[in-house]
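**Q** fold the following.
(one chain, ligands or ions: 2)
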Amino acid sequence: MTLTIKQIPCLSDNYGYLVHDPKSGETISIDSPDANAILEALKTEGWALTQIWNTHHHFDHAGGNAQLVRETGCAVIAPAGEKGMIPGADRYVGGGDTVSLGAYMARVVDTPGHTLGHICYVFDAQHIVFVGDTVFSMGCGRVFEGTPAQMWDSLTALMALPDETMLYPAHEYTADNARFALTIEPDNADLLARVEAVAALRAAGRPTVPVSLALEKKTNPFLRAGGADAFARIRRQKDTF
Ligand code: ZN
Ligand code: FE
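**A** Ligands and ions are numbered 1, 2, ... in the order given. Take a look at the predicted model:
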């Protein structure tokens, strides 16, 4: 038996993720975009929520914390760089820390840029990373609090993971991102193929994520920028796209 991940569409375009360990019976929620949707999914699966792992403080990521804590008594793990900004936080973690789900371990990676304290959770042995609003399929988070150079370093850290790693982003922005990516690399054959695959998935009402790091390296204009300056330029273009 291995980890079971349930993907939950929340709000207009967020994804909540429940990660369940059948052996220990523990279940974590990556962020808390919509407490009611998460509680409903827990009920459907017959799972009890034991922890929330927050990636950053934005309302569509930590806004359901208070209700989930109230209704399930779960613990809340929050980014050390966002003390005081995450409702119900019990423990603060940062780069190099590990968190556990039953016998499974995840490593915390600091990914400042979108927010200053943003963190990602990497299950190294399972090749899974929950990237919050740092990377999206063919896109990346807006640089709200940090600098483009910081965001580039954060993306670089994630790109150092093995190619088979599956990225689990917090939003379904893929189709929009694809339109922008095509303006940067109109002749990229991998990108053209991915755009078609994404259109088919969306037409069928299916999610386009998770997605492999290998595929993102071939199609994501932000990961393909090659350096902080080029990244900053592409990010600025996207902000007004
Ligand atoms: Zn955010
Ligand atoms: Fe978000």
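**Q** and the residue lying farthest from the centre of the chain, which of the three is it?
**A** Largest separation from the mean C-alpha position in the chain: residue 187, at 28.1 Å (CA atoms, centre = their mean). Assigned by DSSP: H, G, I helix; E, B strand; the rest coil, the conformation of residue 187 is coil.
**Q** any idea how far it is from ligand 1?
**A** For residue 187, the distance to ligand 1 equals 32 Å [CB to the ion, to the nearest Å]. For every residue, glycine as well, the C-beta is placed using N, CA and C.
**Q** before we move on, what about residue 156?
**A** As for residue 156, its distance to ligand 1 is 20 Å (criterion: CB to the ion).
**Q** could you do residue 237 as well?
**A** In terms of CB to the ion, residue 237 sits 20 Å off from ligand 1.
**Q** can you list the weak-confidence ranges in the protein?
**A** 1 (pLDDT under 70).
**Q** near ligand 2, which residues of it?
**A** For the chain, the residues in contact with ligand 2 (CB under 5 Å from the ion) are 60, 133.
**Q** again, 8 Å this time
**A** Contact residues (CB under 8 Å from the ion) of the chain with ligand 2: 14, 33, 56, 58, 60-61, 132-133, 141, 170-171.
**Q** of the residues you listed, which belong to helices?
**A** 60-61 (DSSP state H).
**Q** which of the residues of the chain next to ligand 2 has the most neighbours?
**A** residue 56 (30 neighbours; other CB atoms under 10 Å).
**Q** can you give me phi and psi for it?
**A** Phi and psi for residue 56, reported as degrees, to the nearest 10, are phi -170, psi 170.
**Q** and what of residue 177?
**A** phi -60, psi -40.
**Q** so how many other residues sit close to it?
**A** 25.
**Q** now do the contacts for the nearest residue to it once chain neighbours are set aside.
**A** Using CB to CB, 6 or more residues apart in numbering and skipping the chain neighbours, the partner closest in space to residue 177 is residue 139 (3.5 Å). Residue 139 is in contact with 173-174, 176-177, 180-181, 220, 222, 238, counting by CB atoms under 8 Å, 6 or more residues apart in numbering.
**Q** and residue 74, by the same measure?
**A** Shown in contact with residue 74 (CB under 8 Å, 6+ apart): 29, 49-52, 68.
**Q** which residues touch residue 71?
**A** Counting by CB under 8 Å, 6+ apart, residue 71 has contacts 35, 39.
**Q** how distant is the one helix or strand it maps to from the center of its chain?
**A** Under the criterion of DSSP states H and E, residue 71 resides in helix 65-72. For helix 65-72, the distance from its own C-alpha centre to the chain's C-alpha centre is 21 Å (CA atoms, centre = their mean, to the nearest Å).
**Q** repeat that for stretch 210-220.
**A** Computed by CA atoms, centre = their mean, the separation of stretch 210-220 from the middle of its chain amounts to 14 Å.
**Q** thanks a lot, catch you later.
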